[in-house]
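*Asks:* Sequence first, then the predicted structure, then my questions.
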Amino acid sequence: MKAKLEIIGAMAAFGTIGAFVRHIPLPSGELALYRALIAAGAIFLWQLCTGRGLGIKDVKAELHLLILSGAAIGINWILFFEAYRYTTVAMATLSYYFAPVIVTVASPFLFKEKLTARQMFCFVMSTLGLVLVIGVSRGGSRELIGILFGLGAAVFYASVVLFNKSIRHVSGINRTFYQFLAAILVLTPYVCLTGGSHLSEMDVLGVANLLVVGVFHTGICYCMYFSSLRYLKGQEASILSYIDPLVAILVSVAILHESITVFQAVGGGMILGFTVVNEAGEGTRTCMGDRVRERRERSPGCDRFRSGT
């Protein structure tokens, strides 16, 4: 029960991140950099205090994959934060959650995995849902740009998932830690070349929201999430991970008072619903779409980026 409460709490928290990002007056690249810095520090302290170590000896063989996936995380965050600026939190999140669909279609080509009839059906229905979300956009070109940013983030999120399928030796929260370090290495020169730091210009509210996103949403919630995975079945973790977008939609409508049309709601429901059907049918572990092999790793071994989130 404790593990379920941990993952439910972490997922619900991830769903609220958009409301905090909206109040951080920083460029998306700089926000992504500070998020990675704060979160990496929080995870380092967690591993240090719990005595679990960072698995340094396992890094060398897969360093190139950690760097590439870390770079993808950084770009993923930049695009996702840009989506928040152009469209509603609900639309940004729904377009972002097309990533598991991309993974499903790409895996047979990259890993020679069999594409089943169920997967094809779920892919077609999820794509139709995406068409509904985009096709009935009421915000004109600006909202469309936001949705496209969300889809771009989904592509890079999916690439992280695909990279992680090839990383065998560095698992769980240690993998996330090293990927955050790689993201920092990529984002630092990007921020320097695109305007530098604006941290000194932020007010107290902006700094507070940044700390919440970095320490709570990314550091603490990631640790809660990985801790819970040690005691949950793969399918349970997969289904519970979709609490995130549901909470994000509720926050968008109920707290931020952002509108969503009936067709957009139906389309979003199709994206999330058929993705869950696909995951449940395959019986694999996912963390926001990232599949791992539960029985091979009784330690934390699932990677979620999202985190969006």
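*Replies:* Looks like it arrived, so ask away.

*Asks:* hey, where'd the strands end up in this structure?
*Replies:* 285-287, 290-292 (DSSP state E).

*Asks:* got the contact list for M270?
*Replies:* M270 sits next to M125, S126, L128, G129, L132 when contact means CB atoms under 8 Å, 6 or more residues apart in numbering. No exception for glycine: its C-beta is placed from N, CA and C like everyone else's.

*Asks:* quick one: the third one from F98, how far?
*Replies:* The one in question is L128. Applying CB to CB, to the nearest Å, one obtains 12 Å for the distance of L128 from F98.

*Asks:* Could you check which of those two has the larger neighbour count?
*Replies:* F98 (26 against 16; other CB atoms under 10 Å).

*Asks:* so what's the backbone phi/psi at H198?
*Replies:* phi -120, psi 20 (degrees, to the nearest 10).

*Asks:* Next one: it, what pLDDT does it get?
*Replies:* At H198, the pLDDT value in this model is 92.

*Asks:* Just put the contacts of M270 in a markdown table and tack on pLDDT.
*Replies:* Output for the contacts of M270, formatted as a markdown table (pLDDT from 0 to 100):
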| residue | pLDDT |
| --- | --- |
| M125 | 92 |
| S126 | 90 |
| L128 | 91 |
| G129 | 90 |
| L132 | 86 |
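
*Asks:* JSON lines please, covering the residues you listed and showing distance to T275.
*Replies:* Putting those into JSON lines (distance: CB to CB, whole Å) gives the following:
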{"residue": "M125", "distance to T275": "9"}
{"residue": "S126", "distance to T275": "6"}
{"residue": "L128", "distance to T275": "13"}
{"residue": "G129", "distance to T275": "9"}
{"residue": "L132", "distance to T275": "15"}
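
*Asks:* Tell me which of the residues you listed fall in helices.
*Replies:* Those of the contacts of M270 mapping onto helices are M125, S126, L128, G129, L132, per DSSP state H.

*Asks:* Closest one of those residues to K165?
*Replies:* When the ones in helices among the contacts of M270 are ranked by distance to K165 (CB to CB), S126 comes first, at 20.0 Å.

*Asks:* Please list all residues in contact with that closest one.
*Replies:* For S126, counting by CB under 8 Å, 6+ apart, the contacting residues are F98, V101, M270, I271, F274, T275.

*Asks:* which one among those residues gets closest to G152?
*Replies:* Lowest distance from G152 to the contacts of S126 (CB to CB) belongs to F98, with 10.6 Å.

*Asks:* The closest one contacts L148, doesn't it?
*Replies:* No. Under the criterion of CB atoms under 8 Å, F98 is not in contact with L148, lying 11.4 Å apart.

*Asks:* wait, Y225 sits on I7?
*Replies:* Yes. Y225 lies in contact with I7 (CB under 8 Å); the separation is 6.1 Å.

*Asks:* so who does the residue nearest to V213 when sequence neighbours are not counted touch?
*Replies:* Nearest non-adjacent residue to V213, counting by CB to CB, 6 or more residues apart in numbering: F20, 5.2 Å away. Contacts for F20 (CB under 8 Å, 6+ apart) come out as N209, V212, V213, H217.

*Asks:* 10 Å instead?
*Replies:* F20 is in contact with A208, N209, L210, L211, V212, V213, F216, H217, V251, counting by CB atoms under 10 Å, 6 or more residues apart in numbering.

*Asks:* S197 against E30, yeah?
*Replies:* Yes. Using CB atoms under 10 Å, S197 makes contact with E30 at a distance of 6.6 Å.

*Asks:* just to revisit the earlier point, now, among the contacts of M270, which is nearest to G70?
*Replies:* Nearest to G70 out of those is S126 (CB to CB; 27.6 Å).

*Asks:* how near is that closest one to G273?
*Replies:* Distance, S126 to G273, using CB to CB: 8 Å.

*Asks:* now F123
*Replies:* Counting by CB to CB, the separation of F123 from G273 is 13 Å.

*Asks:* Over to T194?
*Replies:* 38 Å.

*Asks:* When the two are compared, which one has more neighbours?
*Replies:* Shown here are T194 and G273; by other CB under 10 Å, G273 has more neighbours (16 against 11).

*Asks:* which residues does that one contact?
*Replies:* Neighbouring residues of G273 by CB under 10 Å, 6+ apart: C122, M125, S126, G129, Y242, V266.

*Asks:* Tell me the pLDDT of the spatially closest residue to the second one that is not a sequence neighbour.
*Replies:* Across the structure, with CB to CB, 6+ apart as the measure, the residue nearest M125 apart from its sequence neighbours is F274 (4.4 Å). As summarised for this prediction, F274 has a pLDDT of 90.
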